[in-house]
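**Q** pasting the structure only:
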C-alpha cells in the first residue's frame, strides 16, 4: 500500500494507513487532531513504525518531549525490519527527537534524492523555525528557497508544497512570483493554517495592512484554538490592529490568544510573540505594561532557562531588560550557547540600553547586526522588531531624515507611504 504521495507503506491494515494519511495531512496543515489520528493508526496496527515516528514528531512540535521520546523508542524498535525508505525516514525523525538537527538535515538532503515526496522529512526544512532557519548560517533564506526550488519538479500544485515554496519566495522579496503560488495553495486547502499564515506574511510584506487584518481576523474564527499556529496567527492579527489604530481590539487578541496562561501555544511562539507585541506596542506610543513584561520574563526563565535557541534567547533578552531581571539578562550577555550566540550577546546589550532610554548606545549596538540578523531565524516580519528598534532610536535622537532613508532602503514596500505614524509618532514627537 501507498500513502497519497506515492510512498510505499508497510502496514497490513487499510484502516491504519487511512488514519496515518489523515494525520499527515493534519500535521502538514497545522490543524488540530493529527496526534489523535496517529494514535488511531497505531491502535489499528501497533507495529506501524511510521505512525509511531509521526506521533513522536507531533509531540515534539507541541513541546511534549517525554511523550516524543517514548513514541520514538517504539518507532525505532519496530522500524528496523522495514523498507529502506522507512528505515531512513524513522532515523531522520529520530535525529530530530534527539536534538541532532545537523545530522537530520544532512540525512534529509540524501534521503530526498530518492524520496522527494516523503513529506514528513521535508517539513522540518520549511518555514522560519526550521533546520535551515535555525542553523545560524548567513543567507539561510536563499538556502530555504534553493532547497524547495530543487524539489518543485516532484510536485504539481500540491497544497502543502505550494504554501512553503510561495513563502520562501515571499521572504526573498519576490512578491510578484509568490502571490499566485500563495493564493493557489490557500485556495486548494483553506483549512491549512500554514497557507493562511504564509498568505498573511505576503500581505504584510506587500504593506496591505487592512487586507491582512481582515483576512487573518476572519480566518481565525474557524481555526481550532488547539491548532499549532493559533497563537502566532493571532499575533499577526494583534499587530495589524495596532497598525490600524484598533488598540482595544489588539489587546483583546493578546489577552485571549497570546498571553501566557490565557491561550495555548508552543512556548517559543508564546515567548517571542508576546515580547514582540509588547515592544512594538510601545514603539507605537502605547503605555508600558510593567506587569506583562515581568510575566513574560518569568515565562522565559521557566521555558528557556538556559540559552541555546538563539531566536528565543534574543526575545528573552528583551523581556529581561524591560522587566529589570538583571541576573537572567546577564546570562544572555555572556552566552556562548546557540547557533547565533554572538547576536544574542549583542542584542542583550542593545535592549538593555533601550530599556534605559540610551538610544545612542542602542544604535551603536544595532548597526553591526543589520546586514546579518537573518542568522537569528524568524521571518522578516518578526525581525522587524530589530529594524524598528533602530528606526525608533534614530527618531528619538531627532534623526528623522536618516530614519526615513534607512526605512526606504531596507523595507521599501513597507515604506512606500513614509514612516508609519502609528508606529513612530511618539518617537518623532
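**A** All right, it came through fine. Quick caveat, the model's predicted, so the values are computed rather than measured.

**Q** Helix, strand or coil: sort out residue 47 for me.
**A** The local conformation at residue 47, judged by DSSP: H, G, I helix; E, B strand; the rest coil, is coil.

**Q** Adjust the sequence numbering to begin at 496 for everything that follows.
**A** Noted, 496 is the first residue going forward, which turns the last one into residue 542.

**Q** Just to check, it is in contact with residue 573?
**A** Yes. Counting by C-beta atoms under 8 Å, residue 573 is a contact partner of residue 542 at 5.4 Å. In short, each C-beta sits where N, CA and C put it, glycine included.

**Q** Looking at those two, which has the bigger crowd around it?
**A** Neighbours per residue (other C-beta atoms under 10 Å) separate residue 542 from residue 573, with residue 573 holding more: 21 against 18.

**Q** Find out how far whatever helix or strand that one lives in is from the centre of the chain, if you would.
**A** According to DSSP states H and E, residue 573 maps onto helix 560-574. Relative to its parent chain, helix 560-574 has a centroid offset of 25 Å by C-alpha atoms, centre = their mean, to the nearest Å.

**Q** Can you list the buried residues in it?
**A** For helix 560-574, burial by neighbour count (16 or more other C-beta atoms under 10 Å) applies to 563, 566, 567, 569, 570, 571, 573, 574.

**Q** Quick one: residues in contact with it.
**A** When contacts are defined by C-beta atoms under 8 Å, 6 or more residues apart in numbering, helix 560-574 is touched by residues 542-545, 547-548, 550-552, 554-555, 581-582, 584-585, 588-589, 592.

**Q** ok, residue 680 - contacts?
**A** The contact partners of residue 680, taken as C-beta under 8 Å, 6+ apart, are 654, 655, 657, 658, 661, 687, 690, 693.

**Q** So the third one versus residue 887, what's the distance?
**A** Separation of residue 657 from residue 887 (C-beta to C-beta, to the nearest Å) stands at 37 Å.

**Q** of these two, who's got more company?
**A** Set side by side, residue 657 and residue 887 show unequal neighbour counts under other C-beta under 10 Å, the larger going to residue 657 at 27 against 24.

**Q** Within the helices and strands, which one has the more buried one?
**A** helix 654-666.

**Q** Show me what that helix is packed against.
**A** Using 3 or more C-beta pairs under 8 Å, 6 or more residues apart in numbering; DSSP states H and E as the contact criterion, the secondary-structure elements in contact with helix 654-666 are helix 635-644, helix 670-683, helix 688-700.

**Q** Next, the angle helix 688-700 makes with it.
**A** What separates the directions of helix 654-666 and helix 688-700 is an angle of 20 degrees, with axes from the mean of the first three to the mean of the last three C-alpha atoms, to 10 degrees.

**Q** Residue 612: what's it in contact with?
**A** 500, 501, 502, 649, 650.

**Q** So what's the gap between the helix or strand hosting residue 608 and the chain middle?
**A** Secondary-structure assignment from DSSP H and E places residue 608 in helix 596-609. Here helix 596-609 is found 21 Å from its chain centre; the criterion is C-alpha atoms, centre = their mean.

**Q** contact partners of that helix?
**A** The contact list for helix 596-609 (C-beta under 8 Å, 6+ apart) reads 580, 583-584, 586-587, 590-591, 613, 616-617, 619-620, 626-627, 629-630, 646.

**Q** what do you get if the cut-off is 6 Å, keeping everything else the same?
**A** The list of residues contacting helix 596-609 from outside it, by C-beta atoms under 6 Å, 6 or more residues apart in numbering, reads 583, 587, 590, 591, 616, 626.

**Q** what's the answer for stretch 698-715, then?
**A** Around stretch 698-715, the neighbours that count as contacts under C-beta under 6 Å, 6+ apart are 665, 670, 691, 695, 728, 731-732, 735, 738-739, 876, 908-909, 911.

**Q** and residue 730, how far is that from residue 696?
**A** Using C-beta to C-beta, we find residue 730 at a distance of 12 Å from residue 696.

**Q** Give me the more crowded residue out of those two.
**A** Each of residue 730 and residue 696 has its neighbours counted (other C-beta under 10 Å); residue 730 has more, 27 against 22.
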